[in-house]
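>>> Here is a sequence together with a model predicted from it:
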Amino acid sequence: MRDDFTFHLKSTRLDENYHPSDTTRITTNFANLARGENRRENLHNALKMIDNRFNALAHWDNPEGDRYCVELEIISVEMNIDQDGHVDSFPLIEILKTNIVDRKTNERIEGIVGNNFSSYVRDYDFSIVLPEHNKNRSKFSFPDNFGDLHGKLFKYFLNSAAYKAHFSKAPVICLSASSSQTYRRTENQHPVLGVEYRQGELSSTDLYFQKMGLQVRYFMPPNSVAPLAFYFCGDLLGDYTNLELVSTISTMETFQKIYRPEIYNANSAAGVRYQPSLKHQDYSLTRIVYDREERSRLAVQQGKFAEERFIKPYKAILERWSANYAA
């Protein structure tokens, strides 16, 4: 029996006409926007926010503030599992690819892949495995080997022929800072990423992404109010152009303003010492409809989906593959 996995990538344009596919995690930032009676207005407003933020950050040679627009692609990654010639597929992850259109030169510039990160297996780990492990414990802890399988699958994908055929650079994933951590402003400042912050210890998300081969740095971009977490491998400041970085900031900061307005649409900026809080009251709402409680509830359902459709049916294959990969 072969335990090798291969990957198949599909690209879907994220625009005002976007409709989530059956294999898209419905808690994904972009899928959540594209649901309900306000779906088209939600998408239009979010995409406009992204373009406005991009032009505000990429202000050089851009006197009218309308030189650029951002095009987004949803990259869906299916993992093919070969069992003695019979191939099954599972929707492993979804990420976003940014592309930049320069209206002045009529040039289309490749942006960054990654940005948003969506994973059924991560839902399984955080919504099924972790609560079950801590159900009768007086002190919170992580199970042995927590996140190991997910991390190995992600690194295997990054090293695959499928990834290398589609993307020339490693991914950058941009998430919210953790409300469980305290961040301190440093003297380091980048012209696009902004002021760097550092945390005292790694959060559970930091540790989980570390198993995926990604390190983290925190930056608060110019005119932002809170630092963003940038997960990457390699050199975040050296491997990407300013326009590439701006495409990620403008896209993911927009999502965070919609989904975590208490932090990223607050009416005052983070200070020298900063701890994010979703209980913060001094913030502004966007005009984009979003149901955060529904999103949390659906994460559990999607974790169960991963357990029933992937973890349990392929348990022996996954365990054997994971052991060999570690070796």
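That came in fine, so what should we check first?

>>> and residue 76, what are its bridge partners?
With DSSP bridges as the criterion, the beta-bridge partners of residue 76 are residue 10, residue 94.

>>> Counting neighbours, what do you get for it?
Applying other Cβ atoms under 10 Å, we find 20 other residues in the vicinity of residue 76. To be clear about C-beta, it is placed using only N, CA and C from the backbone, and glycine gets the same treatment.

>>> Verify the contact between it and residue 97 for me.
No. When contacts are counted by Cβ atoms under 8 Å, residue 76 is not listed as touching residue 97 (11.1 Å).

>>> List the contacts of residue 98.
Going by Cβ atoms under 8 Å, 6 or more residues apart in numbering, residue 98 touches 70-72, 111-113, 115, 244, 247-248, 251.

>>> Need the overlap of contacts for residue 76 and residue 97.
When contacts are counted by Cβ under 8 Å, 6+ apart, the set common to residue 76 and residue 97 consists of residue 11.

>>> Narrow the contacts of residue 98 to those that are buried.
Under a neighbour-count criterion of 16 or more other Cβ atoms under 10 Å, the subset of the contacts of residue 98 counted as buried comprises 70-72, 111-113, 115, 244, 247-248, 251.

>>> Out of the residues you listed, the closest to residue 7 would be?
Closest approach between the buried ones among the contacts of residue 98 and residue 7, by Cβ to Cβ: residue 113, at 13.7 Å.

>>> And the pLDDT for that closest one?
According to the predicted model, the pLDDT of residue 113 comes to 97.

>>> quick one on the thing from earlier: could you list which of the buried ones among the contacts of residue 98 belong to helices?
Judged by DSSP state H, helices contain the following of those: 244, 247-248, 251.

>>> Any chance of CSV for those, columns distance to residue 125 and pLDDT?
Below are those laid out as CSV (distance: Cβ to Cβ, whole Å; pLDDT from 0 to 100):
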residue, distance to residue 125, pLDDT
244, 30, 98
247, 29, 98
248, 25, 98
251, 25, 96
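
>>> Can you lay out these as CSV showing distance to residue 42?
What follows is these, written out as CSV (distance: Cβ to Cβ, whole Å):
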residue, distance to residue 42
244, 26
247, 20
248, 21
251, 15
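
>>> Mind picking the two most distant members of those?
Longest distance between any two of those is 11.4 Å, between 244 and 251; criterion Cβ to Cβ.

>>> what about the closest residue to residue 188 other than its chain neighbours, helix or strand, and which?
Leaving aside its chain neighbours, residue 188 sits nearest to residue 196 (4.2 Å; criterion: Cβ to Cβ, 6 or more residues apart in numbering). In this structure, residue 196 is located in strand 194-199 according to DSSP states H and E.

>>> same thing with residue 50?
According to DSSP H and E, residue 50 maps onto helix 39-57.

>>> who touches that helix?
Where contact means Cβ under 8 Å, 6+ apart, the residues beyond helix 39-57 that reach it are 14-18, 33-34, 36, 62, 65-70, 72, 100, 192, 221-223, 246-247, 249-251, 253-255, 257-258, 286-289.

>>> Return that helix as PDB; C-alpha atoms alone will do.
Taking only C-alpha atoms (Å, rounded to 0.1, in the frame of the first residue of the first chain), the coordinates of helix 39-57 have been written out as PDB:
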ATOM      1  CA  ARG A  39     -23.700  39.000   0.500                       C
ATOM      2  CA  ARG A  40     -23.100  41.200  -2.600                       C
ATOM      3  CA  GLU A  41     -23.000  44.400  -0.600                       C
ATOM      4  CA  ASN A  42     -20.700  42.800   2.000                       C
ATOM      5  CA  LEU A  43     -18.200  41.700  -0.700                       C
ATOM      6  CA  HIS A  44     -18.300  45.000  -2.500                       C
ATOM      7  CA  ASN A  45     -17.700  47.000   0.700                       C
ATOM      8  CA  ALA A  46     -14.900  44.700   1.900                       C
ATOM      9  CA  LEU A  47     -13.100  44.800  -1.500                       C
ATOM     10  CA  LYS A  48     -13.400  48.600  -1.500                       C
ATOM     11  CA  MET A  49     -11.900  48.800   1.900                       C
ATOM     12  CA  ILE A  50      -9.000  46.600   0.800                       C
ATOM     13  CA  ASP A  51      -8.300  48.900  -2.200                       C
ATOM     14  CA  ASN A  52      -8.500  52.100  -0.100                       C
ATOM     15  CA  ARG A  53      -6.200  50.700   2.500                       C
ATOM     16  CA  PHE A  54      -3.700  49.500  -0.200                       C
ATOM     17  CA  ASN A  55      -3.500  53.000  -1.800                       C
ATOM     18  CA  ALA A  56      -3.100  54.700   1.600                       C
ATOM     19  CA  LEU A  57      -0.100  52.500   2.400                       C
END
